[in-house]
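*Asks:* pasting the sequence and the predicted coordinates here, then a few questions.
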Amino acid sequence: MRLGSKQELFQRLMVQFKTWILEQGYEIRGGDAFRDPRVHGEIGEQLGYGHRNSCHKYKLAEDLYLRHGNGDMFRTFDEYVEVGEHWESMDELCCWGGRFKSVDCVHFSLMHEGMS
């Protein structure tokens, strides 16, 4: 699948995913989506934080910070599991950062060229 088609698929899935999150009674606070190369380096280059080939640089990732209906922010891996597993179930390309070696529970992306 070409990059542009993946970017479009990612946006369609994120709309469905965010709608599902809200239907579960959670609230969403956005985080990093596209990482500007002027700040984070071109693809393959690392400036600042994040992987040099981050899917954020390809417009295929977004960080979502979630809040329970009672006002408490999600703080633990266990709080994100249901949401992360739902994201993974939406398409074979969907990757959740909770599975990463470095555990990044707020990260939701599509696999691209071996990167998630």
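*Replies:* Looks like it came in fine.

*Asks:* any idea how far residue 5 lies from residue 85?
*Replies:* Note on residue 5: its distance to residue 85, by C-beta to C-beta, to the nearest Å, is 25 Å. Where you see a C-beta, it was placed from the backbone N, CA and C, and this is true even at glycine.

*Asks:* now the end-to-end length of stretch 99-116.
*Replies:* Stretch 99-116 has an end-to-end distance of 10 Å (criterion: C-alpha to C-alpha, to the nearest Å).

*Asks:* average pLDDT for that stretch?
*Replies:* Stretch 99-116 carries an average pLDDT of 89.

*Asks:* report the buried residues of that stretch.
*Replies:* For stretch 99-116, the neighbour count (16 or more other C-beta atoms under 10 Å) marks 104, 105, 106, 107, 108, 109, 110, 112, 115, 116 as buried.

*Asks:* any residues touching it, and which ones?
*Replies:* For stretch 99-116, the external contacting residues (C-beta atoms under 8 Å, 6 or more residues apart in numbering) are 3, 6, 9-10, 13-14, 17, 31, 51, 53-56, 58, 60-66, 74, 77, 80, 84, 87-88, 91, 93-98.

*Asks:* let's see it at 7 Å
*Replies:* With contact meaning C-beta atoms under 7 Å, 6 or more residues apart in numbering, stretch 99-116 is reached by 6, 9-10, 31, 53, 55, 58, 60-65, 77, 80, 84, 87, 93-98.

*Asks:* average pLDDT across stretch 73-89?
*Replies:* Stretch 73-89 shows a mean pLDDT of 97.

*Asks:* all helices for this protein, in order.
*Replies:* For the chain, helices defined by DSSP state H occupy the ranges 3-23, 37-40, 77-90.

*Asks:* tally up the residues packed near residue 88, please.
*Replies:* Neighbour count for residue 88, taken as other C-beta atoms under 10 Å: 16.

*Asks:* picking up where we left off before, which one of residue 5 and residue 85 has more residues nearby?
*Replies:* Neighbour count, other C-beta under 10 Å: between residue 5 and residue 85, residue 85 has more, with 12 against 9.

*Asks:* and for the more buried one, nearest residue in space, chain neighbours not counted?
*Replies:* residue 96 (7.4 Å; C-beta to C-beta, 6 or more residues apart in numbering).
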